[in-house]
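Q: Need coordinates for the below:
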Amino acid sequence: MNSSTNSETTHSSQLETKEVSRYGLTISYGVKITTRPKWDRTYRDPDGTTLSQDQVNTLAAELNGGSETRRFSVDWEKTDAMIECSYVEWAALTDEEDCKSALPIEVLATPEGPIMAVVRTDAVLNDDELLLLDPCVVIFDGKAKINLLPIFNVSQTLRVSKSAIRSRQPPSEILLAMYPGFIIQNRMSRFQLKPKAAFVASPELTNSAAEID
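A: Reported below is the predicted structural model:
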């Protein structure tokens, strides 16, 4: 584990290596964890008086539907609290079938939407192509659910032109947790042109960093 600390800003970061084994598949990945100060949204009257969130909610309820208006500014203010944020820097898959040596897992942005797959870096292809193993479409509903769906008319592998890829990056931890469930169903050919349905759906998501006491 590598770590570094900036004494002036009190930010700190470290890289942790994690491993998850399910269904004969092993996913290894590195997580960058950053500790930084927490900033809170602040509301102030024109005279500079700070308003609490409850006061803002009360004002909004009182003024809703009326002709009276009351202006206040919205900004961010640094607090004494610290929060912990993290993201995945790399991810790789090994298994007992096609990936006896670790191969990278990536999310590829394409014109048709994001595709998650194992990238066959060991495949012999033209320079302008990638071979993807167990590809799936990642669909986020914009609210609280992520679905992993098979790709129409694609079984276990997909050849894709590099020119069709806008970006490449490792999946988030929630996607890595879901991926083994997709892989085992995909390799059993559960799709085969059946009605469009997700192989795996995420639990309801939240969007908050962990606050450190």
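
Q: State the mean pLDDT of the strand or helix carrying Thr79.
A: Assigned by DSSP states H and E, Thr79 belongs to strand 73-95. In this model, strand 73-95 has a mean pLDDT of 89.

Q: who does that strand touch, helix- and strand-wise?
A: strand 25-44, strand 103-110, helix 173-187, strand 210-212 (3 or more Cβ pairs under 8 Å, 6 or more residues apart in numbering; DSSP states H and E). All C-beta spots, glycine's among them, are computed from the backbone N, C-alpha and C.

Q: In TSV, list the ones you listed along with mean neighbour count and distance to Arg159.
A: TSV is the format used below for the helices and strands packed on strand 73-95 (neighbours: other Cβ atoms under 10 Å; distance: least, Cβ to Cβ, whole Å):
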stretch	mean neighbour count	distance to Arg159
strand 25-44	16	23
strand 103-110	19	13
helix 173-187	20	16
strand 210-212	11	40
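
Q: Lowest mean pLDDT across those, which one is that?
A: Among the helices and strands packed on strand 73-95, strand 210-212 scores lowest, with a mean of 56.

Q: do you know how far the residue nearest the centre of the chain is from Val74?
A: Ranked by distance to the mean C-alpha position of the chain (Cα atoms, centre = their mean), the top residue is Ser172 at 3.6 Å. Ser172 sits at a distance of 29 Å from Val74 (criterion: Cβ to Cβ, to the nearest Å).
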